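Participant: fold the following, please.
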Amino acid sequence: MESTLDIFVKAIFSENMIFAYFLGMCSYLAVSKTVKTGLGLGVAVIFVLGVTIPINYLLENYVLKEGALEWLNPEYGINGSSTINLSFLSFIMFIAVIASIVQLVEMLVEKFAPALYGALGIFLPLIAVNCSILGGALFMQDRQYSTMTDAVAFGLGSGIGWLIAIVFIAAIREKIRYSNVPPALRGLGITFIITGLMGIAFMSFMGIDY
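Facilitator: Residues are numbered from 1 along each chain as shown. Okay, here's the model as predicted:
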């Protein structure tokens with residue numbers, strides 16, 4: 001069984017949302033033009049993942065999966081006479097939690113960092129449909145983490161991994177503005193190539209014995 005530290009480190013490096021699964025690429029490509037905006041969005045993603053995954057973990061284990069309502073009535077448990085399975089509601093419940101937390105983040109950023117709010121533009125509310133956010137909840141559901149601590153570690157690790165990815169590519173994109181990039185590859189073309197190379201580099205972490 002994996003330890004909490006293993007889950008946290010793997011979520012950052014060998015199971016990085018961007019470089020291992022290519023989730024959240026739309027925001028990653030659009031907001032990574034400067035380190036400042038990339039850092040701001042990355043911190044927002046850490047917060048959303050760090051909050052939504054534990055909440056969705058509780059929903060999954062105490063409401064949605066088969067027998068989860070046993071705490072409410074023993075008859076609703078796996079061996080009960082009226083077993084209840086609400087797993088078909090997983091998608092809509094996960095998305096509802098994500099949308100609520102993203103709305104809270106948007107309100108906080110607008111109030112305390114209006115310049116960052118203006119720089120992020122439409123991509124801040126679009127965190128609600130960021131593939132990495134829903135992907136994190138679905139990975140949590142699929143992997144069946146045994147404790148809340150593991151779910152929190154996975155959420156924070158995934159968010160930090162996403163932050164590292166977007167800050168790295170933003171720093172590189174700031175530098176290559178002054179490089180002699182062939183006209184056909186300027187903009188997203190060279191960004192895709194660099195992202196692929198970074199993905200290959202992060203694959204080296206898979207060989208580490210955690």
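Participant: by mean pLDDT, flag the weakest helix or strand of the chain.
Facilitator: Here the helix or strand of the chain ranked lowest by mean pLDDT, DSSP states H and E is helix 114-120, holding a mean of 82.
Participant: counting contacts, what elements does that one pack onto?
Facilitator: With contacts taken as 3 or more Cβ pairs under 8 Å, 6 or more residues apart in numbering; DSSP states H and E, helix 114-120 sits against helix 35-59, helix 90-112. The way it works is simple: take the backbone N, C-alpha and C, and place the C-beta from them, glycine included.
Participant: pull the longest helix from this protein.
Facilitator: Scanning the chain for the longest helix, with DSSP state H as the assignment, gives helix 148-176.
Participant: helices and strands around that helix, which ones?
Facilitator: For helix 148-176, the packing partners by 3+ Cβ pairs under 8 Å, 6+ apart come out as helix 4-12, helix 25-30, helix 35-59, helix 131-143, helix 188-203.
Participant: of those, which approaches Ile95 most closely?
Facilitator: Nearest to Ile95 among the helices and strands packed on helix 148-176 is helix 131-143 (6.7 Å), distances taken as Cβ to Cβ.
Participant: who's in contact with that closest one?
Facilitator: 17-18, 21, 23-26, 45, 48-49, 52-53, 56-57, 60, 90, 94-95, 97-98, 102, 127, 151, 154-155, 158, 162 (Cβ atoms under 8 Å, 6 or more residues apart in numbering).
Participant: if we use 6 Å, what do you get?
Facilitator: The contact list for helix 131-143 (Cβ atoms under 6 Å, 6 or more residues apart in numbering) reads 17, 23-24, 48-49, 53, 56-57, 60, 94, 98, 151, 158, 162.
Participant: repeat for stretch 56-75
Facilitator: Contacting residues not belonging to stretch 56-75 are listed as 76-78, 80-87, 90, 93-94, 97, 137, 140-141, 151 [Cβ under 6 Å, 6+ apart].
Participant: and it, end to end?
Facilitator: Using Cα to Cα, to the nearest Å, the end-to-end distance of stretch 56-75 comes to 24 Å.
Participant: now do the buried residues in that stretch.
Facilitator: Going by neighbour count (16 or more other Cβ atoms under 10 Å), the buried part of stretch 56-75 is 56-57, 59-61, 63-65, 68-70.
Participant: do stretch 142-154 as well
Facilitator: By 16+ other Cβ under 10 Å, the buried positions in stretch 142-154 come out as 145, 150-154.
Participant: relative to the whole chain's centre, how far out is the longest helix of the chain?
Facilitator: Distance of helix 148-176 from its chain centroid, counting by Cα atoms, centre = their mean, to the nearest Å, is 9 Å.
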